[in-house]
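Give the three-dimensional model of this entry:
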Amino acid sequence: MLNRRRFIESSAILAAGGIELVAHSAENTSACRPVVISTWRHGLPANEGAWNVLSRGGRALDAAEAGVRVAESDPEVSSVGYGGLPDRDGHVTLDACIMDESGDCGSVAFLEHIENPVSVARLVMEKTPHVMLVGEGALKFALEHGFEKKDLLTDKARAEWKKWLADHPEAVQERQINVEDHDTIGLLTLDEQGNLSGACTTSGLAWKRHGRVGDSPIIGAGLYVDNEVGAASATGVGEAVIRAVDSFLVIELMRQGHSPQAACRLAIERVIAKNPDWQKLQVGFIALNKQGEIGGYAIQPGFSYAVYDSKAGNRLIESASRIE
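Numbers count the residues shown, from 1 in each chain. Predicted coordinates:
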């Protein structure tokens with residue numbers, strides 16, 4: 001049910017220009033660097049991959065790519081990369097984007113047969129004048145740059161797909177909330193030099209219509225980085241995130257002086273305003289500002305995010321939510 005106290009607090013923040021009324025944990029307010037924050041439980045091993053770069057004085061961009069590649073290559077992660085659940089036709093199609101401290105960005109969408117789409121997205125950023133490549137064009141580009149073609153549909157994912165087909169003879173995809181904590185991974189990094197970067201990668205909604213693309217590869221929706229302010233990433237039902245261009249919104253709210261936590265909460269209010277069926281959706285945000293402060297907030301309970309810093313190491317945080 002809707003928590004009345006949280007509703008009143010959120011409304012007061014909107015009315016009072018961002019005054020914090022909720023006492024957040026030290027993890028959400030203490031500033032330090034380097035820092036990594038990522039979505040969901042599979043963010044823990046991804047954070048380790050990013051921290052291996054940052055702890056050696058490495059660049060935030062390299063850390064962001066290294067971190068999400070861990071999730072992309074893990075066959076046990078059913079919503080990202082190799083092992084991701086397929087669309088209704090049995091195809092594993094991947095979306096990813098990456099963005100650095102200079103505002104440069106790259107993206108791929110509806111990409112098949114490539115285990116690490118985030119690395120293809122980085123090459124789009126660095127080797128072409130474009131921001132996004134999709135489908136066959138993205139695959140051709142990847143193969144031209146040495147990526148190996150691979151069958152991404154694992155035996156486990158194939159068995160789940162066949163079971164879903166048997167249970168849904170009309171092949172109608174149903175939205176689900178917090179399915180075993182598996183969803184997009186968005187990962188944000190702040191390096192020792194004070195520079196920010198981020199990456200976002202997913203196999204999208206399981207059993208989606210062939211050709212569907214969500215928010216994850218869309219700069220400003222699934223991910224946004226502004227080195228003057230902070231970085232933000234989204235997870236959940238991509239269509240709801242696209243409607244409000246929410247990662248960009250989180251950054252602009254932080255630019256106005258809101259903390260990362262407050263900015264994520266106010267962005268959820270925007271999602272609610274844009275989606276009449278919001279009580280049936282899950283959307284969550286994470287944010288990291290220039291000072292190393294973090295935040296996370298969601299519509300529904302069950303969203304978690306992973307944080308790694310030198311003060312407390314790598315840990316999983318249960319997010320606050322609009323509905324409890």
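
in the stretch 101-250 of the chain, what spans have low per-residue confidence?
Low-confidence segments of the stretch 101-250 of the chain, defined by pLDDT under 70: 171-182.

Do you have the strands of it handy? List them.
With DSSP state E, counting those that start in this stretch applied, the stretch 101-250 of the chain shows strands at 105-111, 132-134, 185-190, 196-202, 223-226, 230-236, listed in chain order.

Could you export those to CSV, including columns for distance to Ala298 and mean neighbour count?
(Each C-beta comes from the backbone N, C-alpha and C, glycine too.) What follows is the strands of the stretch 101-250 of the chain, written out as CSV (distance: least, C-beta to C-beta, whole Å; neighbours: other C-beta atoms under 10 Å):
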stretch, distance to Ala298, mean neighbour count
strand 105-111, 24, 26
strand 132-134, 27, 20
strand 185-190, 13, 33
strand 196-202, 16, 32
strand 223-226, 17, 28
strand 230-236, 7, 31
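
Out of those strands, flag the one nearest Thr93.
The stretch from the strands of the stretch 101-250 of the chain with the least distance to Thr93 (C-beta to C-beta) is strand 105-111; that distance is 5.1 Å.

which strands and helices sit next to the closest one?
Secondary-structure packing of strand 105-111 (3 or more C-beta pairs under 8 Å, 6 or more residues apart in numbering; DSSP states H and E): strand 94-99, helix 117-127, strand 132-134, helix 135-144.

Kindly reformat the strands of the stretch 101-250 of the chain as JSON lines containing distance to His210.
Output for the strands of the stretch 101-250 of the chain, formatted as JSON lines (distance: least, C-beta to C-beta, whole Å):
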{"stretch": "strand 105-111", "distance to His210": "9"}
{"stretch": "strand 132-134", "distance to His210": "13"}
{"stretch": "strand 185-190", "distance to His210": "23"}
{"stretch": "strand 196-202", "distance to His210": "16"}
{"stretch": "strand 223-226", "distance to His210": "24"}
{"stretch": "strand 230-236", "distance to His210": "21"}
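
can you tell me which of those comes nearest to Gly57?
Evaluated with C-beta to C-beta, the strands of the stretch 101-250 of the chain place strand 185-190 nearest to Gly57, the distance being 12.8 Å.

How about the contacts made by Arg212?
Arg212 sits next to Asp87, Gly204, Leu205 when contact means C-beta atoms under 8 Å, 6 or more residues apart in numbering.

From the centroid of this protein, which residue is nearest?
Centroid-nearest residue in the chain, with C-alpha atoms, centre = their mean: Gly186, separated by 2.6 Å.

Distance check, it against Val245.
The gap separating Gly186 from Val245 is 15 Å, by C-beta to C-beta, to the nearest Å.
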